[in-house]
Structure formats: C-alpha cells, structure tokens
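**Q** Sequence first, predicted coordinates after that:
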There are 2 protein chains.
Amino acid sequence: MTEAKRLTAPVPPGGTIGILGGGQLGRMLVLAAARLGLKAHVFSDKSDSPAFDVACAHTAASYTDRAALARFAAACDAATFEFENIPADTAAFVAERVALSPGARSLAMTQDRAVEKNFILSLGLQTPAFAEISTEADAGPAVSRIGTPAVMKTRRFGYDGKGQAKIDTADDAVEAFAGFHHAPSILEGFVDFAFEASVIAARARDGDFVVYDPPTNVHENHILRRSTVPSKLDAAQVSRARMIAHRIADGLDYVGVLAVELFVCRDGSLMVNEIAPRVHNSGHWTMDACLVSQFEQHIRAIAGWPLGSPERHADAVMENIIGEEAADWHKLSESCGALHLYGKKERKPGRKMGHITRLGPKTLPQI
Amino acid sequence: MTEAKRLTAPVPPGGTIGILGGGQLGRMLVLAAARLGLKAHVFSDKSDSPAFDVACAHTAASYTDRAALARFAAACDAATFEFENIPADTAAFVAERVALSPGARSLAMTQDRAVEKNFILSLGLQTPAFAEISTEADAGPAVSRIGTPAVMKTRRFGYDGKGQAKIDTADDAVEAFAGFHHAPSILEGFVDFAFEASVIAARARDGDFVVYDPPTNVHENHILRRSTVPSKLDAAQVSRARMIAHRIADGLDYVGVLAVELFVCRDGSLMVNEIAPRVHNSGHWTMDACLVSQFEQHIRAIAGWPLGSPERHADAVMENIIGEEAADWHKLSESCGALHLYGKKERKPGRKMGHITRLGPKTLPQI
C-alpha cells in the first residue's frame, strides 16, 4: 500500500490500528476499535501493559528498537499513540511507514512546555506567564520577571505533577533546577484560578471538528480526582472553550482527539494550561454519557472514518479510582455507577486503577 | 483453589473468565469483562472466531478435545458459554473443573425443545401447543392433534429458523421429518400473535434478580431485524413478562443473563416461545441505553459480583446489520447511531455482521 493510499483511504473493518503505549488509555482505545470491528496492535516497552490483554496482537520492546518498530508499522493500517512522551525519533520512524495521527508537528508542539506555550500565544490565546530556564543563571531573572509564588516545570516528560516544584524565592528556583538535574525548564506564574476545566475535541482528516461539553475538573495532589458535566462554565465560556480547541486543532492540522486543559480565572477569562495530543482522563465520562466516546472518536478520526456525534445524553460525574482505593472494587461494584477497572496488576500510590461514572438526567449548562 | 472456593468467592479484578464459543456474543462478553478489569479466555472450534481478537487468551480446538478443555478450565476462575448448543458432555466436563454458569440443569432444560416446553408448562406458564415426533408414525397423529398451519422444529440445535419447516398437511409433516433425517422433533401449533417481545433478565448466585425493559422484536426470514424499547406491551404485560422471567430463572436456579422470547397474543396474553440461557440479540440495545449492559450483567453474575442496575436512560431501537448490509459500513458509520461491528471476515447471507442502536429521550412504556 502506498503512503498516499494509507493517508486517504479509510481503514475498513477488519483492518488493524497500531497503538504506541499500553496503559489504560491504550486499553480503552483498543476496546473502542473492537466495537467498530477493527483490530489493534499495541506496542509498549512494559511487558505487563494493561492494553496487551485486549489487543489482537502486541509487541513488548523498547521504543528505540527499530526492527520491532518496523514490524509493528508493517502490521498496521493506521497508527496512533496514547501518551505524548514517546520519543520524537520513534514517532518519525513509524510515520515513515504507516499513517501516524496525530502527526509529528502536534507531537513536537506538545512535548516541550516552552514550545507549546509559544504556540498558544501565537494563536492569540492566553496562557500563564512563563520564563525559560536553561541554565542556573536564568533562575534569578526568571523569578524577578514572573514573581512568586510560581511553579517550575521541566519542559519535557512531566505528568501528574511529576517534574514540578513550587517556587517562593530565587533560592527555591536554583534548588529546584538542580533537583531537575538542570533539565531545561520553565518558571510559570501562579494563576489564582476560580476552577479548572478542559475541553475534549476531535478533528478528522478532512478538517471536520466536533467538541464534547467541557467538564469542570478537580485535582488532588496534582492528579485528576473528578470531572463533572455540565461544568460551571457559562454559555459564553463554553463557546470560548470550543473556539480555543478549534483554533489549536486547526493550528496543528490535527487528526484525532485532543484535550485542552483550562484555568478559569476569577475575571471569567480562560487560560490554556496545557494541550494533551491524545484522549484524556477528563473525557472518560463520554464512554457512558455519549453515544460516541472520546476513544471511539479518536479511532474514527485516525482511521479516516466520519466523526460521530459528541452529544451527551446525561449529566455525568467521573471519579478516578486511585491506588489503594481499588482494593474496594467489590464495594465500588455495588454502587449505581458505571465502573471501569484497567486491569493493572499492582496498586501503587497515585496510580490510576480505574474510574466510576455516575449519570443523572441531562441538564443544560448554566447560563 | 477448591471447588467450594471457586463457587463462593467472587472472581477478583485480574481474574480470568472462560467463555465457550467465540462468536459476536462471546466477543461482547469479552469486552464487558475487560471493562471490569477481568481477563477472558475464549474456547472455540473455529480458528477465525471474532472473540479471539479481543481475548487475552484463546484455544481453538474441538469441543470434544478433553485435553484442551482441561487446560482451558484450569486457566479460568469462572466459565460460561455464549450459545446453548455446546455438547452437554463438554459442559459437564468443564463444570467438574471450574464454576460453570449457567449450570448443567439450565443447559439441559433449554437444549431440547420438548424438555423446555414441558418445563415451561410445569411452571404454570403458557407456551404454544406441541406434539413430539420421534418416528414417522407420530407425524399423522401430531397433525391431527395440533391442527394446521403448524411448524415442525427439531428438538435440538435449531437457531435463526434453521431446523424449522411450515406444515399444512400430514404429508408435509412426513416430508419435513424426513428432511430432518428423522431427528427427534416437535410439531408446534401456529400462534396468530399480535407481535413478538422478549425479556432479558439476570440472576446472581445469591438469587438477586434484575430485569431490563422488555423490547418489541421484529423478525425477517426468521432472523431478528429490530428490537425497540419501550415495547408495545402495556404496564400489566410488562409486569407479567418480568414475572415469567423471574419464575423461569428461579426454577432453573439460574446464574447469569437469560432471555425469554414471548408471543404477545391478540387477547393480550403472553406465551413463552423460547428460553435462551445466555445473552441475547434482542438485548444488544442495553450496551448503549443502560449503565450496565446485558453483557456486563452476565459477567457480574457468573463472576459472583453484585448485579448492576438494569435501568435504561434512553429509548432505543436496535437494528441488526445482516450479510451484505455490512458492505455499507462507511455509510452506517455516518448515521447518528451507536455502531457495532463484530469483526467477521466474510459476509454471508443471513449472517449477523453488526448492529446499530439509535437512542432517543427516555419515554415510559404505554399504559
């Protein structure tokens, strides 16, 4: 099959979707693909990946194992990834062999916090003030410019609060930078937001675009605790959130589902906190409250299928099941919610083990 | 693990559910198990079984291959089947090694139409008049007793209209019986029903019992075309349908999901057409219109988990995608319905390839 054909013809039922990464997001992508009659091949560097248990085929190998990657790409009709921290070289190598969505540009823009923030600003959108820290000498001036309190974050490979430190003084900044082993970082101004929200959207190969109702999100210890729809956003904010996602997706010529995490400021304005080039924890409620979930939507987009309706038929509260909370699986299974467990072998503090979504009759966002 | 322990302790997340049969019902059971963090091992005698593509493990072997069955049973923490025509010996062999639900009694009662009908009558429920035909000499008297038009059906192994013949004369009966190679059969009186319905219910190990709203069903060429909820049953009929399912489930000491196909007569009475000791095509809409689908409900029951809520949050129309209709998958994917494709390699006339469920705001059954 030529690359042109791969890029334009939709993957027919029976075709194979390749997924780089084997965590719960990969697992739920596999299940969504299966519902559409598509097979999945999961590539992960962890031999006990939860997504392996449901995939038609899997490869357990290093992301730098080119022979394994080449075999994986050859076995797939379209490919994607479940996390944005796959090495750029890996993505490029796979993309040369099979249609990979989202593409290299989306990955490059979202793997580095400084690049991502400059991209957000270039679209005319707001994001918290930031200063780049490349050497120890940058720490003092950054603190002077941004002020305190602030947050230092490594430019790459951070998630769930990993690679972050709270900064109150210039000394804190020097210390935190040393703690990051002088990895290129940014200092980000502290935003005294009213609450957090996110917007989950999908863009098809032909530019078609759909958005789910944005949820309000609550984090605990930097980990998502709960997402609620309808959110506390008013109608104008919902419309602005949609516009933000649309502008970012078009700006990246994006294909697939993307999530934009938002700070909702006390003056009502929306600031982009982060872009996730993938399905997102704050969109898990779509599995039970929408006809087409974010996972199916992503599979549809990357397989070249028409997007489905993002409409929700119910109000929803999605709560994560974290670490030892999963030991209560029997009690959780008694509750009147949709229970999802990820098949992870070991419970560890902070580890996302599952989630539960409670539904209620659909109400409209407050106006 | 002792058999007693197997029978009483629920299968914890990470445990393995064994499924005999690898068609679309098995596939959807695997997907439901995965959602709960359970693994699946599928046993089928067809090497291209759709359920293999999503199962953590599979065995392709004959249902009489005892070594393979023993290995399968040893690998599972609980087992079930997706079709009622597995050989009784196979079920008994597996049941000696791992908790098999529904049990041998349920299977025995539903594998043979004559036994099933006598069981239904013994519960004080109605079923169409019938006469047993064991030899050619039984044909004439059967036609005299039942009258015409009537339907001859083999006692065993019939589905989707296979093993059935319409009978207008005693000669027809003799001919049909010969056509069935003199397999033990029944002659069933023709019921001039108003419409068809079914009731899908689940019973847990501890006797807990839940019922889904019964759908109206429309068949074409003996194959289910469409199921609609709410049905055309009035409130009293819905309540009677629930009672029928409850009495049958208790009578079988049933564990799992069962379906009861009903004829709704012109006088408003309900006759039991058939009992299916498994998840059922007319319950597929529960995947999209209920928090807990019939597939998850079955997994919960056989794994010893608490049953979930059978409440539906939407009206639903489920339409099967049969044979060549699946060639239109791209057009079907554009429609505002929840699309399910089963991953079957070949389209054949009458073959169930997928289904699509359209949802609407929830209304109550007519009163």
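**A** Cool, the structure landed. Numbers count the residues shown, from 1 in each chain, chains lettered A, B, ... in the order given.

**Q** from here on, contacts and neighbour counts on C-alpha atoms
**A** OK.

**Q** what does chain A put close to chain B?
**A** Chain A comes close to chain B at residues A:13-14, A:31, A:34-39, A:52-56, A:288, A:291-292, A:305-309, A:313, A:329-330, A:333-334, A:336-345, A:361, as judged by Cα under 8 Å from any Cα of the partner chain.

**Q** Only whichever of those are buried, select them in ChimeraX.
**A** Buried subset of the residues of chain A next to chain B, written as a ChimeraX selection, criterion 16 or more other Cα atoms under 10 Å in any protein chain shown:
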select /A:13,14,31,34,35,36,37,38,39,52,53,54,55,56,288,291,292,305,306,307,308,309,313,329,333,337,338,339,340,341,342,343,344
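
**Q** So which of the residues of chain A next to chain B are in helices?
**A** Counting by DSSP state H, the part of these found in helices is A:31, A:34-35, A:288, A:329-330, A:333-334.

**Q** now these as CSV including pLDDT?
**A** Output for those, formatted as CSV (pLDDT from 0 to 100):
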residue, pLDDT
A:31, 98
A:34, 98
A:35, 98
A:288, 96
A:329, 95
A:330, 94
A:333, 94
A:334, 92
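
**Q** nearest to residue A:317, of these?
**A** Closest to residue A:317 out of these is residue A:288 (10.3 Å), distances taken as Cα to Cα.

**Q** check contacts around the closest one.
**A** By Cα atoms under 8 Å, 6 or more residues apart in numbering or on different chains, the residues touching residue A:288 are A:338, A:357, A:359, B:291.

**Q** pLDDT weak spots in chain A?
**A** Chain A contains residues with pLDDT under 70 at A:1-8, A:159-161, A:365-367.

**Q** My read is that residue A:168 contacts residue A:152, right?
**A** No: with contacts defined as Cα atoms under 8 Å, residue A:168 does not count as touching residue A:152, sitting 10.3 Å away.

**Q** How are the strands of the stretch 101-250 of chain A distributed by residue range?
**A** In the stretch 101-250 of chain A, the strands defined using DSSP state E, counting those that start in this stretch lie at A:130-133, A:150-154, A:164-167, A:185-189, A:195-203, A:209-211, A:216-220, A:223-229.

**Q** Same list (those) but as TSV, adding mean neighbour count.
**A** Compiled in TSV, these are given as follows (neighbours: other Cα atoms under 10 Å in any protein chain shown):
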stretch	mean neighbour count
strand A:130-133	22
strand A:150-154	24
strand A:164-167	20
strand A:185-189	26
strand A:195-203	26
strand A:209-211	21
strand A:216-220	17
strand A:223-229	22
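
**Q** Distance to residue B:259 for those - can I get that in CSV?
**A** Shown next, in CSV, are the strands of the stretch 101-250 of chain A (distance: least, Cα to Cα, whole Å):
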stretch, distance to residue B:259
strand A:130-133, 61
strand A:150-154, 56
strand A:164-167, 55
strand A:185-189, 59
strand A:195-203, 38
strand A:209-211, 38
strand A:216-220, 41
strand A:223-229, 35
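
**Q** where do the helices sit along the stretch 101-250 of chain A?
**A** Ranges of helices in the stretch 101-250 of chain A, per DSSP state H, counting those that start in this stretch, are A:104-111, A:113-122, A:139-146, A:170-179, A:235-251.

**Q** Show me what counts as buried in the last one.
**A** This means helix A:235-251. Buried residues in helix A:235-251 (16+ other Cα under 10 Å): A:237-238, A:241-242, A:244-249.

**Q** Specify the next element, helix or strand, located C-terminal of it.
**A** The first helix or strand that comes after helix A:235-251 along the chain, using DSSP states H and E, is strand A:256-264.

**Q** Does anything pack onto that next one? Which helices or strands?
**A** If contacts are counted by 3 or more Cα pairs under 8 Å, 6 or more residues apart in numbering or on different chains; DSSP states H and E, strand A:256-264 sits against strand A:195-203, helix A:235-251, strand A:270-276, helix A:294-302.

**Q** now that strand, how far from the centre of its chain.
**A** 8 Å (Cα atoms, centre = their mean, to the nearest Å).

**Q** same thing with stretch A:112-127?
**A** On Cα atoms, centre = their mean, the centre of stretch A:112-127 falls 17 Å from the chain's centre.

**Q** How is chain A divided into domains?
**A** Annotated domains of chain A cover A:3-100, A:129-189, A:195-361 [automatic domain parsing].

**Q** quick revisit: among the residues of chain A next to chain B, name the ones in strands.
**A** A:39, A:338-341, A:361 (DSSP state E).

**Q** for residue A:91, helix, strand, or coil?
**A** Here residue A:91 is recorded as helix under DSSP: H, G, I helix; E, B strand; the rest coil.

**Q** do you know how far it is from residue B:234?
**A** 58 Å (Cα to Cα, to the nearest Å).

**Q** can you check residue A:58 too?
**A** Counting by Cα to Cα, the separation of residue A:58 from residue B:234 is 51 Å.

**Q** Ok, residue A:68 next?
**A** From residue A:68 across to residue B:234, the span is 60 Å (Cα to Cα).

**Q** cool, and residue A:222?
**A** 52 Å.

**Q** sorry, back to before: between residue A:91 and residue B:234, point out the one with more neighbours.
**A** Per other Cα atoms under 10 Å in any protein chain shown, whichever of residue A:91 and residue B:234 has more neighbours is residue A:91, with 22 against 14.

**Q** which residue sits closest to the closest residue to chain B within the stretch 251-367 of chain A, ignoring its sequence neighbours?
**A** At 4.1 Å from chain B, residue A:343 is the closest residue in the stretch 251-367 of chain A, using Cα to the nearest Cα. Closest residue to residue A:343 apart from its sequence neighbours, by Cα to Cα, 6 or more residues apart in numbering or on different chains: residue B:37 at 4.1 Å.

**Q** Now do the same contact list for that neighbour.
**A** Contacts for residue B:37 (Cα under 8 Å, 6+ apart) come out as A:340-344, B:13-14.

**Q** and those as CSV, adding distance to residue B:80?
**A** Below are these laid out as CSV (distance: Cα to Cα, whole Å):
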residue, distance to residue B:80
A:340, 21
A:341, 21
A:342, 22
A:343, 20
A:344, 24
B:13, 17
B:14, 17
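
**Q** Now for the residues you listed: which two are most distant?
**A** The widest separation within the contacts of residue B:37 (Cα to Cα) is 12.7 Å, between A:340 and B:14.

**Q** Who does residue A:131 form a beta bridge with?
**A** Per DSSP bridges, the residues bridged to residue A:131 are residue A:187.
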